[in-house]
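Novice: The sequence and its predicted three-dimensional model are supplied below.
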Amino acid sequence: MNWIEKLKNKWNIKSSLQFVIILVVFALTGTTVVLIKRPIVAFFAENGTRTTTFNVIYFICILPLYNLILLFYGSLLGQFDFFWAYEKKMIRRFKIKKRDKNIK
């Protein structure tokens, strides 16, 4: 089984066309984020030097923006359901698990 078939099985995709569309959405999203990043870096980073504070603020801002752009392109290309499920899965990974109250 090649890597395409493995991803199709993991993502529960039947159609090769749907697989290609999903890859195009990821590519468009990544390209858009890079294009958005350039003016932000130019505005906030003097002479192209970025501080640690800038990097932290940038990543805090870019994660939600990336997710919104991903949903936008996904819905634009008819794959909203796939990307909505993908977003929910990503949010679950970032959630902080609450400790059990019985454990001290």
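Specialist: Received it, and whenever you're ready, just let me know what you need.

Novice: after the lengthiest helix in the chain, next one along is what?
Specialist: Longest helix in the chain, counting residues (DSSP state H): helix 16-44. Toward the C-terminus, helix 16-44 is succeeded by helix 52-76 as the next helix or strand (DSSP states H and E).

Novice: in the helix or strand that that following helix is followed by, what counts as buried?
Specialist: Later in the chain than helix 52-76, the nearest helix or strand by DSSP H and E is helix 80-94. For helix 80-94, burial by neighbour count (16 or more other CB atoms under 10 Å) applies to 82, 83, 86. Every residue, glycine included, has its C-beta placed from N, CA and C.

Novice: what packs against helix 80-94?
Specialist: helix 16-44, helix 52-76 (3 or more CB pairs under 8 Å, 6 or more residues apart in numbering; DSSP states H and E).

Novice: buried residues in the last one?
Specialist: Read that as helix 52-76. 58, 66, 67, 69, 70, 71, 72, 73, 74.

Novice: pretty sure the fifth one is in contact with residue 83, am I right?
Specialist: Right, residue 70. Yes: judged on CB atoms under 8 Å, residue 70 makes contact with residue 83 at a distance of 5.7 Å.

Novice: how many other residues sit next to residue 47?
Specialist: 5 (other CB atoms under 10 Å).

Novice: thinking again about what came up before, anything in contact with each of residue 70 and residue 83?
Specialist: Shared contacts of residue 70 and residue 83 (CB atoms under 8 Å, 6 or more residues apart in numbering): residue 25.

Novice: For residue 14, which non-adjacent residue is closest in space?
Specialist: Nearest non-adjacent residue to residue 14, counting by CB to CB, 6 or more residues apart in numbering: residue 8, 7.5 Å away.

Novice: Hmm, residue 22 and the one you found touching each other?
Specialist: No: between residue 8 and residue 22 there is no contact under CB under 8 Å: 9.6 Å.
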